[in-house]
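[1] The sequence and its predicted three-dimensional model are supplied below.
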Amino acid sequence: MKIFASEFGHSYETYSFAYSVYAKRENGDSLTEIYDKGFLPYSGSKGLMDIFYMARGTRCDVRNWKPTSENRRVLRMFDGHFERAVKKVSDIRHDETFFELCLSYFNLAHGGVMPRERLELILDMGIISTVIEYKKDGIPQAYILLVEDENISHYWFSFYSHEYVKSSLGMWLALDHIRDLSTGTKTYFYFGTCYAQKALYKTNVEPLEFWNGENWINDTPLLKSLCRSDNDRHIDNHNDLFKENLTRF
């Protein structure tokens with residue numbers, strides 16, 4: 001693994017100088033090691049693979065997971081509603097039903113951040129090990145894309161039908177996967193980044209750790225406080241030097 005930093009911004013008034021930190025995956029590097037050092041897979045630029053970025057990620061030790069009362073409430077909402085199937089990327093890579101559902105979901109829920117070309121890149125990066133499909137009455141309603149090895153499972157992307165966008169299905173999908181992992185041999189469920197108030201729902205998973213730039217720490221009150229104050233530290237939309245010559249989606 002080659003770790004490198006890229007200049008991002010500065011404030012001489014407060015003597016604050018920012019760098020974005022990346023890792024390039026090399027032959028022999030394990031996903032467990034990359035994730036344990038606080039990195040997540042990067043998919044934001046055309047044609048770029050094997051690059052991971054450091055961020056305030058979250059993870060749960062599934063060996064110690066117990067559903068909270070809120071978790072149980074969410075699980076009851078959708079348990080028994082879907083047929084669950086484990087698939088490979090090759091099973092859905094050219095499935096237009098998959099693309100229509102996923103792209104429609106992202107456009108509705110997040111705007112234009114996921115064009116088809118980006119989703120195709122994500123599928124072709126070679127790190128997604130598992131696709132989980134949820135059907136109702138034989139019709140696909142949701143998918144989750146997982147990056148996994150023998151020790152970890154990263155819940156990278158989830159997509160679901162329009163009718164569920166304002167429901168708690170997204171949280172149920174995560175909890176359903178955590179519940180499944182808790183009966184297996186893996187150690188960590190990685191839940192992606194946790195920034196701003198929109199990500200506070202992730203703090204309903206226990207026990208939860210977050211990456212503080214140096215270590216994984218278990219301090220949910222601090223994580224909630226950081227999320228609630230993230231807008232005060234927001235940096236205007238611009239690239240670090242590494243991304244300046246890349247074409248972003």
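    Received it, and whenever you're ready, just let me know what you need.
[2] which non-adjacent residue is nearest Gly9?
    Distance criterion CB to CB, 6 or more residues apart in numbering; nearest residue to Gly9, sequence neighbours excluded, is Ala18 at 4.6 Å. C-beta coordinates here come from the backbone N, C-alpha and C atoms, glycine included.
[3] Now that neighbour: which helix or strand?
    In this structure, Ala18 sits in strand 16-24 according to DSSP states H and E.
[4] same question for that strand, mean pLDDT?
    Mean pLDDT, strand 16-24: 97.
[5] For the closest residue to Lys136 other than its chain neighbours, list the residues it contacts.
    Leaving aside its sequence neighbours, Lys136 sits nearest to Phe82 (CB to CB, 6+ apart; 5.5 Å). Residues counted as contacts of Phe82 (CB atoms under 8 Å, 6 or more residues apart in numbering) are Tyr134, Lys135, Lys136, Gln141, Ala142.
[6] how about Phe159, what does it touch?
    Leu101, Cys102, Tyr105, Phe106, Ala142, Tyr143, Ile144.
[7] if I read this right, the fourth one contacts Met114, doesn't it?
    Meaning Phe106. Yes: with contact defined as CB atoms under 8 Å, Phe106 reaches Met114; the gap is 3.8 Å.
[8] In the one helix or strand Met171 maps to, which residues are buried?
    Element membership for Met171, per DSSP H and E: helix 169-181. Going by neighbour count (16 or more other CB atoms under 10 Å), the buried part of helix 169-181 is Leu169, Gly170, Met171, Trp172, Leu173, Ala174, Leu175, Asp176, His177, Ile178, Asp180, Leu181.
[9] No further questions, thank you.
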